[in-house]
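Participant: Sequence and predicted model, in that order:
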Amino acid sequence: MRVLIAGCGYVGSALARRLVAAGDEVFGLRRTPDDLPDGVHPIAADLSERATLRPLPEELDAVVYSAGADRFDEASYKATYIDGVRHLLAALEAQRSLPQRVLFTSSTAVYGQQDGEWIDEGSPAVPRGFSGRCLLEGERLVWAAGQPGLVVRLGGIYGPGRTRLIENVRGGTATLREGPYYTNRIHRDDCAGVLEHLLGLASPQPLYLGVDCEPADEALVLQWLAERLGVPPPTRARTSDSALLRPSGSKRAANDRLLATGYRFLYPTFREGYSVLLGAG
């Protein structure tokens with residue numbers, strides 16, 4: 001299989017390593033592709049600059065769009081998840097290199113539910129912030145492009161190098177929101193595993209939720225980490241602090257559709273994933 005990973009960063013590089021190990025030919029596109037995994041063909045390009053996207057590999061079997069915004073602001077999200085998707089699809093079409101499948105990594109931020117509701121692929125996606133709105137527009141572009149489009153809405157990604165929550169608990173800066181405040185997450189290695197798994201399915205659904213098997217109250221996660229670290233548990237946040245938090249909302253995402261495809265999680269809950277990270281520290 002010939003695969004182009006557009007935005008070959010934290011998740012994309014983990015996927016690339018898996019695909020190369022499986023014998024696939026992988027092309028990694030990023031602005032500075034110097035540190036791509038071994039065996040990945042580098043492509044230096046900027047998805048927000050249409051002119052840099054030529055030429056692209058031909059006879060691709062799949063494209064994975066896994067770019068991440070540089071900053072948490074509307075301009076960066078629009079450049080990454082709307083303009084970048086539009087530019088890449090146009091470049092592929094211009095050189096008649098349309099792949100058999102385009103997979104777009106989105107986010108559960110497209111859901112505006114915030115009262116602990118259960119959500120799945122059939123739940124209404126009405127985002128409350130610019131991040132969700134930009135991601136939702138990127139999804140629509142992929143589905144409307146003419147080739148089979150596949151979207152994976154990922155929960156919060158953690159893993160090696162992304163241990164902010166652990167450090168906040170260890171340093172005593174983590175605080176508890178008014179709760180319960182349900183969070184959805186997925187380990188980086190399961191992100192890569194899910195994407196590889198879905199690329200190999202003969203007839204996937206157009207949409208999957210990429211989250212682990214236990215939506216967890218944030219307080220439970222923080223208190224669990226404090227116990228393992230041997231530090232005092234976090235205290236309740238002040239109202240002024242809570243108002244500064246991003247409006248992602250409290251919701252519980254179900255991964256039943258993903259599990260029905262046969263995927264089995266390496267880290268089915270935060271406990272397994274964070275235990276490995278704590279052990280590595």
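Facilitator: Received it, and whenever you're ready, just let me know what you need. Numbers count the residues shown, from 1 in each chain.

Participant: And residue 106, how far from residue 72?
Facilitator: Here residue 106 is placed at a distance of 16 Å from residue 72 (C-beta to C-beta, to the nearest Å). Yep, even glycine has a C-beta here, placed from its N, CA and C like the rest.

Participant: neighbour count winner among the two?
Facilitator: Each of residue 106 and residue 72 has its neighbours counted (other C-beta atoms under 10 Å); residue 106 has more, 23 against 11.

Participant: tell me which element that one is part of?
Facilitator: Mapping residue 106 onto the secondary structure by DSSP states H and E places it in strand 101-107.

Participant: Ok, residue 186 next?
Facilitator: For residue 186, the host element (DSSP H and E) is strand 185-187.

Participant: roughly how far out does that strand sit from the chain middle?
Facilitator: Chain-centre distance of strand 185-187: 9 Å, with C-alpha atoms, centre = their mean, to the nearest Å.

Participant: Now do the helix or strand just after that strand, average pLDDT.
Facilitator: Using DSSP H and E, the helix or strand that directly follows strand 185-187 along the chain is helix 188-199. On average, the pLDDT along helix 188-199 is 98.

Participant: Which neighbouring elements make contact with helix 188-199?
Facilitator: helix 10-21, strand 62-65, strand 101-107, strand 149-154, strand 156-158, strand 207-210 (3 or more C-beta pairs under 8 Å, 6 or more residues apart in numbering; DSSP states H and E).

Participant: buried stuff in it?
Facilitator: Residues of helix 188-199 classed as buried by neighbour count (16 or more other C-beta atoms under 10 Å): 188-199.

Participant: quick check, nearest of the residues you listed to residue 133?
Facilitator: residue 191 (22.6 Å; C-beta to C-beta).

Participant: which ones are touching the spatially closest residue to the closest one that is not a sequence neighbour?
Facilitator: The shortest distance from residue 191 to any residue that is not its chain neighbour, by C-beta to C-beta, 6 or more residues apart in numbering, is 4.7 Å, and that residue is residue 11. Contacts were defined as C-beta atoms under 8 Å, 6 or more residues apart in numbering; by that measure residue 11 touches 66, 105, 157, 188, 191-192, 195.

Participant: at 10 Å what do you get?
Facilitator: With contacts defined as C-beta atoms under 10 Å, 6 or more residues apart in numbering, residue 11 is in contact with 5, 64, 66-68, 105, 154, 157, 159, 186, 188-189, 191-192, 194-195, 210.
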